[in-house]
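Undergrad: Sequence and computational prediction follow.
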Amino acid sequence: MLVPPDMMAAQTRIIYQMNRFCAERVQARIFKTATAIREICKIVQDILKEVELQEPRFISSLVECNGRFEGVEVISPNEFEIVLYLNQMGVFNFVDDGTLPGCAVLKLSDGRKRSMSLWVEFITASGYLSSRKIRARFQTLVAQACDKSIYRDMVKMIGDTTEVKLRIRERFVVQITPAFKCSGIWPRSAAHWPMPHIPWPHPNIVAEVKTEGFDLLSKESIIMQNKNNNAASMEGDAWVLSFFEAENRLLQGSCRRRCLSILKTLRDRHLDLPGNPISAYHLKNLLLYECEKHPRDFEWDESCIADRLNGIFLQLISCLQYRRCPHYFLPSLDMFKGKSPSALEQAAKQVWRLTREMLTNANAFEKFGMGRGSSMGKAASGDCWWQSAQRATGRGTCPHPHPHP
């Protein structure tokens, strides 16, 4: 098919501007983040060493391997989560019956005595290993370790939460989350994955991901808001499912990881909005949905990244408008739960401004790199801005609110 010269020139300009954006903005973000991780991990390692001396069951798993710290997730440029992997989950059964979306419980195996568990005092009367009780004990230990640490003048515990959160050098917030690694099993709530009619990912990668498994995190969940006391108590004993390593494995190959880095940079520079309606994790999940829609590696070449970004942002606008963003592995889990409707509406308009720039301006990435929150123009009021989005993309109807068919 012949392509008009002006379209080829525009495509070339988009690729050039995007590569420049990656070299100047994305790489700067990656370097800054890596520097911050090294700084906070040095301090957290010292604190966890003291925790381990007080309570040997909490063995620090924060080690550097090939220049990378295992279990560190970047939430935002100044916010991080460090997963502390615990030992000996073996005497418990993993129960994932869908009662709590995104969560599961660990129940003492039939015939097993409490005394056989390393975590005996954290087992409830019903035989469940309580996530909340372990977290409370760990929080006490970390507070004591902070007081003894050589870094005590630059580390403060953050109160008003059951989670273990530290403020470091008044710049970084670090959450330390106790967890169990579950290898060789796959949760029932994610049994639908992968979708049978979609050729991505390759069966070998699916087998690898399911063998690697997932994590169970001891952290607060927003899914139980407005629930009764009994349900809230059950949620306190439950563990949050995490597919962090599985997600990262799926994004290997072609330019998928690069696409994620661009999304994170755009989010930090232009979508860091009041109420935090859009996180890097929202974008990561929508990127995985986009991988299903475009399963072939050549669809993720450098020349296609701008189209993939547009597709992800259009998905995001739809989710924001319908106030629901389903988790990739757990579609019954709404990642927008607890977000303010007005914050989601404003976020949708801002995402449309970015999308409109990419659709209409070959120099959009030059504009994106000029400064944080640089003006993208104003969206029309009321429903008109969404109608403009439909016209610009050639779509007669709103995209479906749920990325899964």
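TA: Everything's here; your move. Numbering: from 1, shown residues only.
Undergrad: drop to CA atoms for contacts and neighbour counts, all remaining ones
TA: Will do.
Undergrad: Tell me which stretches of the stretch 251-400 of the chain form helices.
TA: Taking DSSP state H, counting those that start in this stretch as the criterion, the stretch 251-400 of the chain carries its helices at 256-270, 280-293, 305-322, 341-360, 364-368, 384-393.
Undergrad: Among the ones you listed, which comes closest to Leu141?
TA: helix 280-293 (29.4 Å; Cα to Cα).
Undergrad: Other residues contacting the closest one?
TA: Helix 280-293 has contacts (Cα atoms under 8 Å, 6 or more residues apart in numbering) with 75-76, 198-201, 247, 250-251, 260, 263-264, 267, 308, 311-312, 315-316, 325, 327-328, 335, 403-404.
Undergrad: PyMOL command to pick out the buried ones of those?
TA: Here is the PyMOL command that selects the buried residues among the contacts of helix 280-293 (16 or more other Cα atoms under 10 Å):
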select buried, resi 75+76+200+201+247+250+251+260+263+264+267+308+311+312+315+316+325+327+328+335+403
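Undergrad: This structure: strands as residue ranges?
TA: In the chain, the strands defined using DSSP state E lie at 64-65, 68-69, 72-76, 79-85, 92-95, 103-108, 155-157, 164-168, 172-182, 214-217, 239-242.
Undergrad: Tell me which of those strands approaches Leu53 most closely.
TA: Taking these one by one with Cα to Cα, strand 79-85 is closest: 15.2 Å.
Undergrad: Quick check: Arg13 touching Ala364?
TA: No: assessed by Cα atoms under 8 Å, Arg13 is found out of contact with Ala364, at 9.8 Å.
Undergrad: The two - which one has more neighbours?
TA: Legend: neighbour count by other Cα atoms under 10 Å for Arg13 and Ala364, higher for Ala364 (20 against 17).
Undergrad: Quick one: residues contacting that one.
TA: 14, 17, 357-358.
Undergrad: Read off the pLDDT value for it.
TA: Listed pLDDT for Ala364 reads 92.
Undergrad: what residues does stretch 334-342 touch?
TA: 222-223, 225, 275, 277, 282, 323-327.
Undergrad: typo on my end, stretch 152-170
TA: Applying Cα under 8 Å, 6+ apart, the contact partners of stretch 152-170 are 40, 132, 135-136, 138-139, 142-143, 146, 173-177, 219-220.
Undergrad: what's the helix ranked longest in the chain packed up against?
TA: Across the chain, the longest stretch assigned as helix under DSSP state H is helix 27-54. If you count contacts as 3 or more Cα pairs under 8 Å, 6 or more residues apart in numbering; DSSP states H and E, helix 27-54 packs onto helix 131-148.
Undergrad: tilt between the helix it packs on and strand 164-168?
TA: 30 degrees (axes from the mean of the first three to the mean of the last three Cα atoms, to 10 degrees).
Undergrad: Return the set of buried residues in helix 131-148.
TA: 131-135, 138-139, 141-143, 145-146.
Undergrad: what does stretch 252-265 give?
TA: Across stretch 252-265, burial judged by 16+ other Cα under 10 Å covers 255-265.
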